[in-house]
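Student: coords please:
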Amino acid sequence: MRHQRVINHLGRTSSHRKSMISNMAVSLIIHKRITTTTAKAKALKTFVEPLITKSKEDSTHSRRVVFGYLKDKEAVAELFREVSPKIADRPGGYTRILKTGNRIGDNAEMCILELVDFNEAMKGAETTTKPKAARRRRTSKKSTGEAVSAKPEKETPVKAKKSAKSPKADDKASDDAKAGEK
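Tutor: Predicted structure coming up:
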């Protein structure tokens, strides 16, 4: 039985595994997305998400703790300067795994691991709201077969152009025309 054996050893020694995961985390922070195997991505996700949470509080202590895991000054600076302000309001789930199929050589299951708030294509799909489709309603049919809309259209009042003549002048002109006919 494998009770409480939660670490995927990835077929490596402890030191090799730690350095590989650390290097992959640095690449993820700097490049915002990496392509790797699914097993490595799952192991990396459990490694990097607590570091991103730690970076929300920008203090000397949290920088030193994160540097202890990453061992790369540029990655720590990038994490605290670029990544943490974007994920400040997110309560967790900073990474996304997108499966891409199997690798040609050894048929290993491949995926893309990326930081959620840095993928513009996915963010655009989430924030773009589709125009609300017109609600379908039953329509009553006229005898000619034309559909009558359920909502009556508002009639817009036609504004008459002001003529040079006043309304009283029009009445006088029509009265004069009637008098001329008699």
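
Student: alpha carbons only for contacts and neighbour counts from here, please
Tutor: OK.

Student: spatially central residue for this protein, please.
Tutor: By CA atoms, centre = their mean, the chain has its centre lying nearest to Lys123, at 2.5 Å.

Student: now Met24. Nearest residue, chain neighbours left out?
Tutor: Once flanking residues are discounted, Met24 sits nearest to Leu44: 7.3 Å by CA to CA, 6 or more residues apart in numbering.

Student: what residues sit buried inside whichever helix or strand the one you found is part of?
Tutor: Assigned by DSSP states H and E, Leu44 belongs to helix 38-54. For helix 38-54, burial by neighbour count (16 or more other CA atoms under 10 Å) applies to 38-41, 43-45, 47-49, 51-54.

Student: what's the first-to-last distance across stretch 83-99?
Tutor: Using CA to CA, to the nearest Å, the end-to-end distance of stretch 83-99 comes out at 23 Å.

Student: which residues in this protein form helices?
Tutor: Along the chain, counting by DSSP state H, helices occupy 14-31, 38-54, 60-70, 73-78, 84-86, 120-127, 167-181.

Student: what's the third one in contact with?
Tutor: Put plainly, it is helix 60-70. Outside helix 60-70, the residues within contact range by CA atoms under 8 Å, 6 or more residues apart in numbering are Ser22, Asn23, Ala25, Val26, Leu51, Lys54, Ser55, Lys73, Val76, Phe80.

Student: could you dump those to a markdown table with distance to Arg138?
Tutor: As requested, the contacts of helix 60-70 are exported to a markdown table (distance: CA to CA, whole Å):
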| residue | distance to Arg138 |
| --- | --- |
| Ser22 | 62 |
| Asn23 | 62 |
| Ala25 | 57 |
| Val26 | 59 |
| Leu51 | 56 |
| Lys54 | 56 |
| Ser55 | 56 |
| Lys73 | 65 |
| Val76 | 61 |
| Phe80 | 57 |
